[in-house]
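> Just to be clear, the model below is a prediction. Sequence and coordinates:
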Amino acid sequence: MKPISVFKQAFKSTNTIIAKYLMRKVLVFLMAIFIVIGLVVFGNQLAVVIQESLQIGIPVADLFPLIGFKVVRDVPLILSLSLFLAIILAVSKLYKSSEAIVMNSMGLGDKHFMVFIQPIIVTIFVFILFLTTIAVPWSTQQRSMIMDRTENASEFSFIKQGEFQEFKNGDIVFYASKVKDSEKADGQDMEEIFIYALSAGEPIITLAKQAQKYTDSITKSTYLRLKDGTRYHGFPGDTNKKILNFDLYDLQIIDGEVQKSITNYNKVEGKGTLDLLYSDELNEIAELQWRLSQPLSVLILSALGILLGKASPRGGKNLGVLVGVAVFILYNNTLLIAKSTLEHGDSSPIVGLWWVHLLMLLFISIFYFYRHGTFTVLFDKIVGQFSTKDRTNVK
């Protein structure tokens, strides 16, 4: 019955006027900070995706889905940081307006503040857990599919019949008088081909009667098979030009190893969480612990946010926010280092990323005891015991 009574008491305390007042302040700061950081991240992702589209030829229809998938990937981190800073600012404002001092005189301290904001913390914890275990892996998988399709398609799949087109930032000029889809799903048939390219600063001109785009089934590399043509090293008419006549010439336009590396990179990140639970691979265990660590960090950082928000009315302005940002960056970077260490087999899966959370909890405990003078009381007790023993020995 004791756990139930404690739960009921905690639930009642979150329905008080003071609890609702504190939660309202946290929510206001949370929305404001999330919108600001979200807009910055969205703008950055927009610029990155547009740059990628110019380099590898991403279709316009895939631009906004790619941006959306990238934003979904960043939402857990943005939301966690926003909540952490919102708690610091909300509590700090209470202290600067002396409202928290009045609450302290009523017997409401840090423990009560931590309980007051639990409905918000639990809600965001569940939401981030959903994102990291379901939504983010799905979005990563969808983004990987789009990128693989775009990379495998090659820029030459966007060739327009009877028009000169530039590829690779102008390094290649391509022309085909006729273009039609091949019987193969990944192929194209072309006629009257003209290709201008630069190799080590030297122009190479290729003329061919026919061409066919295809993908090698073994290497997964994409080639342009040219038929009945001529290659000129230098412009026709130059004294130093080299001429090569060919019946068949395969020109590689996409390296298969690049495609394999892209697919393998996103394979673990896009894997289902339930599949990771039954895996013995270190990189998959590290990925699972990383997904669980992000929502877990919300619970841990919420307690630290209460402590960092506690300040005197004359204290440094927003000092807690600066310290909070530094701690947040250090916390997440340490988790990434622990994840990398586990992936390379330099640590045990039992230790994994959990030691980072335990270290953070230890830091919060020490900070809490220091703030409430518990160390001083404990030190005085220890000194008092030794003094009593010395007096007894003298007698």
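Perfect, I can see it now.
> what's whatever helix or strand residue 329 lives in packed up against?
Following DSSP states H and E, one finds residue 329 within helix 319-343. If you count contacts as 3 or more Cβ pairs under 8 Å, 6 or more residues apart in numbering; DSSP states H and E, helix 319-343 packs onto helix 63-96, helix 282-309, helix 354-371. From N, CA and C alone the C-beta is placed, and that goes for glycine too.
> So which bits of it are buried?
Neighbour counts over helix 319-343 (16 or more other Cβ atoms under 10 Å) mark 320-321, 324, 327-328, 331-332, 334-335, 338-339, 341-343 as buried.
> now, among these, which is nearest to residue 360?
Nearest to residue 360 out of the buried residues of helix 319-343 is residue 331 (Cβ to Cβ; 6.1 Å).
> nearest residue to the closest one other than its sequence neighbours?
Setting aside the residues directly before and after it, residue 331 is nearest to residue 360 in space (Cβ to Cβ, 6 or more residues apart in numbering), at 6.1 Å.
> what does residue 66 give?
On the basis of Cβ to Cβ, 6+ apart, the spatially nearest residue to residue 66 that is not a chain neighbour turns out to be residue 49, at 5.1 Å.
> any idea how far the one you found lies from residue 138?
19 Å (Cβ to Cβ, to the nearest Å).
> the more surrounded of these two?
Set residue 49 next to residue 138 and count neighbours by other Cβ atoms under 10 Å: residue 49 wins out with 20 against 14.
> if I pick that one, what's in contact with it?
58, 63, 66, 67, 70 (Cβ atoms under 8 Å, 6 or more residues apart in numbering).
> what does stretch 82-99 rub up against?
Here stretch 82-99 makes contact (Cβ under 8 Å, 6+ apart) with 22, 25-30, 33-34, 37, 100-101, 103, 113, 117, 120-121, 124, 298, 301-302, 304-306, 308-313, 315, 318, 320-321, 324-325, 328.
> List buried residues within the residues you listed.
Among the contacts of stretch 82-99, those scoring as buried are 22, 25-26, 29-30, 33-34, 37, 100, 103, 113, 117, 120-121, 124, 298, 301-302, 304-306, 308-311, 320-321, 324, 328 (criterion: 16+ other Cβ under 10 Å).
> rewinding a little: as CSV, the buried residues of helix 319-343 with distance to residue 91 and pLDDT would be great.
Formatted as CSV, the buried residues of helix 319-343 follow (distance: Cβ to Cβ, whole Å; pLDDT from 0 to 100):
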residue, distance to residue 91, pLDDT
320, 8, 81
321, 11, 87
324, 11, 89
327, 15, 93
328, 16, 93
331, 19, 94
332, 22, 93
334, 25, 93
335, 25, 93
338, 29, 91
339, 31, 90
341, 35, 91
342, 35, 89
343, 37, 86
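> could those residues be laid out in JSON lines, adding distance to residue 292?
Shown next, in JSON lines, are the buried residues of helix 319-343 (distance: Cβ to Cβ, whole Å):
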{"residue": "320", "distance to residue 292": "28"}
{"residue": "321", "distance to residue 292": "27"}
{"residue": "324", "distance to residue 292": "23"}
{"residue": "327", "distance to residue 292": "20"}
{"residue": "328", "distance to residue 292": "18"}
{"residue": "331", "distance to residue 292": "15"}
{"residue": "332", "distance to residue 292": "14"}
{"residue": "334", "distance to residue 292": "16"}
{"residue": "335", "distance to residue 292": "11"}
{"residue": "338", "distance to residue 292": "13"}
{"residue": "339", "distance to residue 292": "12"}
{"residue": "341", "distance to residue 292": "17"}
{"residue": "342", "distance to residue 292": "13"}
{"residue": "343", "distance to residue 292": "16"}
